[in-house]
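Novice: Show me the folded form of this:
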Amino acid sequence: MFNALTSAKAEAANYPFCTIDPNVGVVTVPDERMDKIAKIVGPEKVVPTTIEFVDIAGLVEGASKGEGLGNQFLGHIRQTDAIIHVVRCFDDPNIIHVAGGVNPLRDIDIINTELLLADMDSVEKKYTKSEKVARTVNDLKVKLEAAAYKKVLDVLHAGKPARSVTLNDDEKPIIREMHLITSKPVLYLANVDEAGLKTKNDWVKIVEKRAAEENNAVVEICGALEAEIAQLTREEQKEFLKEMGLPSRLACPHSAGL
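Specialist: Next comes the predicted model:
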């Protein structure tokens, strides 16, 4: 998926943790409206906006405690603005699954739990320190920080992400500085095989139901097919998608359809 989005050549191998260091790719965001405006205005230079994608290998259970390469990966996630959570929704005995089989909800729960535990650990440390100071020093700022940390910690202890907590204008900058992982918006990407693009499978339906419960969105896509499309020219992409009977929205980022 990363290679399809960025036209990069990151390694994609059939074994766990083939990605150790994160792969980074910067992609221009195509916009037909900008192209039309540019033709009318005739600017000296057209600079489209860009998105930086950071490809991080999947987390395993216990990542928040350092299992796998958990701590390293969690650190990379903290620096992002949003999370695209790729969920396997296809069966192929030739492509191994680190947990032994395809189960989207289990995979989602493992990731969400590990991210929540990582945030909980960070907030607990901040709260313990500020609450201790607040008891000995009559400092309004420290008391405000302790109250903000406590509010988020209560939500995390309830098993809910930090983005679900309601903060006032004074508390928002305090929590924002922490770069909590569960405060970031999430997009689930249901990775299916080619057959799954034409007939929605039960795994995708399960992911959509969970996403709706979390007020998140889902995009259904075939990573293997996208990687092939990314290697084609724009005209070849249109023809290929037409032959496959697929909408142009599946084109790679170099096509405005994405």
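Novice: Mind listing residues that contact stretch 147-156?
Specialist: For stretch 147-156, contacts defined as C-beta atoms under 8 Å, 6 or more residues apart in numbering pick out 116, 119-120, 123-124, 126-127, 130-131, 161-162, 164-165, 167, 170-171, 174-175, 180, 182. Backbone N, C-alpha and C define where each C-beta goes, glycine included.
Novice: Now, of those, which are buried?
Specialist: 116, 119-120, 123, 126-127, 130-131, 161-162, 165, 167, 171, 174-175, 180, 182 (16 or more other C-beta atoms under 10 Å).
Novice: Show me those residues that map onto helices.
Specialist: 116, 119-120, 123, 126-127, 130-131, 171, 174-175 (DSSP state H).
Novice: how about the strands in the protein?
Specialist: 23-28, 50-55, 83-88, 186-191, 217-221 (DSSP state E).
Novice: Mean pLDDT, distance to Gly42 and mean neighbour count added to those, as JSON lines?
Specialist: Formatted as JSON lines, the strands of the chain follow (pLDDT from 0 to 100; distance: least, C-beta to C-beta, whole Å; neighbours: other C-beta atoms under 10 Å):
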{"stretch": "strand 23-28", "mean pLDDT": "83", "distance to Gly42": "20", "mean neighbour count": "15"}
{"stretch": "strand 50-55", "mean pLDDT": "86", "distance to Gly42": "23", "mean neighbour count": "15"}
{"stretch": "strand 83-88", "mean pLDDT": "90", "distance to Gly42": "36", "mean neighbour count": "20"}
{"stretch": "strand 186-191", "mean pLDDT": "92", "distance to Gly42": "36", "mean neighbour count": "20"}
{"stretch": "strand 217-221", "mean pLDDT": "90", "distance to Gly42": "36", "mean neighbour count": "17"}
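Novice: Go through the ones you listed and name the closest to Phe2.
Specialist: Phe2 sits nearest to strand 50-55 of all those, at 3.9 Å, using C-beta to C-beta.
Novice: between the closest one and strand 23-28, how big is the angle?
Specialist: 160 degrees (axes from the mean of the first three to the mean of the last three C-alpha atoms, to 10 degrees).
Novice: could you say what helices and strands strand 50-55 packs with?
Specialist: Packed against strand 50-55 by the contact rule (3 or more C-beta pairs under 8 Å, 6 or more residues apart in numbering; DSSP states H and E) you find helix 2-6, strand 23-28.
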